[in-house]
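K.L.:
sequence and predicted structure, then a few things I'm wondering about:
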2 protein chains.
Amino acid sequence: MMSSGSARLEKDKWHPTSKFLQMSAKLGKLYVVGVGPGSHDHMTYRAKEVIEESGVIIGYDTYVGLVEDLIKGKEVYRYAMTQEVDRANQAIDFAESGKVVSLVSSGDPGIYGMVGLIYEILAEKGWDRENGIYVECVPGVSSLNSCAALVGSPLMTDFAVVSMSDLLVPWDIIVKRVEAAAMGDYVTVIYNPASKKRVHQLRDTKEIFLKYRKPETPVAIVKGAYRETQQVVITSLDKMLDHQDMLGMITTVIVGNSSTFNYKGMMINPRGYTSKYELVKQATKQ
Amino acid sequence: MMSSGSARLEKDKWHPTSKFLQMSAKLGKLYVVGVGPGSHDHMTYRAKEVIEESGVIIGYDTYVGLVEDLIKGKEVYRYAMTQEVDRANQAIDFAESGKVVSLVSSGDPGIYGMVGLIYEILAEKGWDRENGIYVECVPGVSSLNSCAALVGSPLMTDFAVVSMSDLLVPWDIIVKRVEAAAMGDYVTVIYNPASKKRVHQLRDTKEIFLKYRKPETPVAIVKGAYRETQQVVITSLDKMLDHQDMLGMITTVIVGNSSTFNYKGMMINPRGYTSKYELVKQATKQ
């Protein structure tokens, strides 16, 4: 444990080509892989490479479907959405038995994703990087990256990322976070804005933002980014609840800040707080 | 202009295979491309595809160097770091003259990146998506994605992203943001933590966080993620300034929140606020 000291790690220790990898060759490997927004276009080379290397593929059914063409002939385990702990444990068990496993998910497993649960379970087991199974989180294009790219340039300034899911976080903590984001003039990216059972959160969120921001503040709603069913709506803070049909588990909402503007249906954030003229004259790498 | 209404856009309009693309075939195309953290492994297929399609490659010298092997025989323009406006204008000019251009950068151009400046300049020119040059932002793995993957699982909970660069944003606004992030118990990802001319920001930031968080709160410092020179340090809030040699323009700092813990030199955030036992029993997809 190094909870009070500092640990400095060489690249060697964090990279698949490290000598450590060879040491643990008898144990298997666990890749926690993000395949991006759901079209192969936005998957990374590393994601494809580790899926190809793996003998076992585990994931929520829909995510496994995203890489169907890459997993022919492999041992594939498809799970329902509510079985996260089961699939995390199964992935670890297989790796401990010597197999090479990819636990796949959409987006980036490092952002509200499966890698957290994997490390929590491994920590309970006393796992360590030196002697245990090899674990690698393969980062991917998350909703915040893909939705920003689709709607314009909302993330040119500081931003907060908040999940509206109150399954594991009490609602009063989420409210406190939304309040802080609104007060701090953060552009705010909202994950899991609503589900069939959760409808009040976005209504409350809108009211909090309206205390600090103008009703015409641009808001983007993106459903199924880069999928066949993709829908993008650019609206405003006061009208953001008019698009209930857009809200669900594959929807991301971006609320602009005081400098965000709507240019012909795009959500744009200028870089910095200087006027545009000055910006263009003195612009330098941020 | 649709600054007060809502614009609903079909996938067609946002996708490179749209009929709009064929309409604007006489004009060129401008791809604003993120190539990820700097190793081809973490580049997306789309990024490589558009670079291959492009006749003209423009970028900051170091970024162009990251894709050297993909741009042989192309028209290549390499810029110094302070010439952002020049390279944005040149990229637009070439596309307007009918060329296919990739403006390349590391990470994700949608996060503190070049796509903002491109849209700002295009907006000044009255550009519109229907009749103007085709513009596509190709999202990539940004520092927040890559650094989180390298240090453990810090982004399992809500997080704020703040740039310490005060070139374009007054320092008092950055202070307000840091204060809001600290107060809201956000895990906080800090871009551009310091440069040769800027050293006070991280010192001030540390003091603000210490008002709200314990001195032993885990802090990760990542320099040159996924590059040959990569260095990772897991330290704590009270010791974060002991690693001055790590700080610079390719460094990202992640400050944990009240639930972040250090497990054997990794920075872990549990999902949610329930105890681990309950979490494992009732865990469901967030």
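P.N.:
Arrived safely. Residues are numbered from 1 along each chain as shown, chains lettered A, B, ... in the order given.
K.L.:
A:Met267 reaches A:Gly256, doesn't it?
P.N.:
Yes: with contact defined as Cβ atoms under 8 Å, A:Met267 reaches A:Gly256; the gap is 6.2 Å. For the C-beta atoms, the positions are set from N, CA and C on the backbone; glycine is no exception.
K.L.:
overlap in contacts of the two?
P.N.:
A:154, A:218 (Cβ atoms under 8 Å, 6 or more residues apart in numbering or on different chains).
K.L.:
please enumerate the helices of the stretch 51-200 of chain A.
P.N.:
Assigned by DSSP state H, counting those that start in this stretch, the stretch 51-200 of chain A shows helices spanning A:61-66, A:84-96, A:114-124, A:143-151, A:171-183, A:200-212.
K.L.:
nearest to B:Leu103, of the ones you listed?
P.N.:
With Cβ to Cβ as the criterion, B:Leu103 lies closest to helix A:143-151 of the helices of the stretch 51-200 of chain A, at 13.7 Å.
K.L.:
tilt between that closest one and helix B:115-124?
P.N.:
Here the directions of helix A:143-151 and helix B:115-124 differ by 20 degrees (axes from the mean of the first three to the mean of the last three Cα atoms, to 10 degrees).
K.L.:
and helix A:143-151, how far out from the chain middle?
P.N.:
How far helix A:143-151 lies from its chain's middle: 11 Å, per Cα atoms, centre = their mean, to the nearest Å.
K.L.:
check stretch A:46-54 too.
P.N.:
19 Å.
K.L.:
check which residues of that stretch are buried.
P.N.:
A:46-48, A:50-51, A:54 (16 or more other Cβ atoms under 10 Å in any protein chain shown).
K.L.:
quick one: those residues as JSON lines, columns for pLDDT and distance to chain B too.
P.N.:
Output for the buried residues of stretch A:46-54, formatted as JSON lines (pLDDT from 0 to 100; distance: Cβ to the nearest Cβ, whole Å):
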{"residue": "A:Arg46", "pLDDT": "97", "distance to chain B": "4"}
{"residue": "A:Ala47", "pLDDT": "97", "distance to chain B": "9"}
{"residue": "A:Lys48", "pLDDT": "96", "distance to chain B": "8"}
{"residue": "A:Val50", "pLDDT": "98", "distance to chain B": "10"}
{"residue": "A:Ile51", "pLDDT": "97", "distance to chain B": "13"}
{"residue": "A:Ser54", "pLDDT": "98", "distance to chain B": "16"}
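K.L.:
closest one of those to B:Ser105?
P.N.:
Among those, and counting by Cβ to Cβ, the member closest to B:Ser105 is A:Arg46, at 19.2 Å.
K.L.:
surely the closest one and B:His42 touch.
P.N.:
Yes: between A:Arg46 and B:His42 there is a contact under Cβ under 8 Å: 5.5 Å.
K.L.:
the closest residue to A:Tyr134 other than its chain neighbours and chain B: what is the separation?
P.N.:
Closest residue to A:Tyr134 apart from its sequence neighbours, by Cβ to Cβ, 6 or more residues apart in numbering or on different chains: A:Lys29 at 4.4 Å. Applying Cβ to the nearest Cβ, to the nearest Å, the value for A:Lys29 to chain B is 15 Å.
K.L.:
again with A:Ala182
P.N.:
Distance from A:Ala182 to chain B, counting by Cβ to the nearest Cβ: 9 Å.
K.L.:
thinking again about what came up before, point out the most buried one among the helices of the stretch 51-200 of chain A.
P.N.:
Most buried of the helices of the stretch 51-200 of chain A, by mean neighbour count (mean count of other Cβ atoms under 10 Å in any protein chain shown): helix A:143-151, with a mean of 29.
K.L.:
mind checking which of the helices of the stretch 51-200 of chain A is nearest B:Gln83?
P.N.:
Minimum separation from B:Gln83 across the helices of the stretch 51-200 of chain A (Cβ to Cβ) falls at helix A:143-151, 23.9 Å.
K.L.:
now do that closest one, average pLDDT.
P.N.:
Mean pLDDT, helix A:143-151: 98.
K.L.:
many thanks, I have nothing further to ask.
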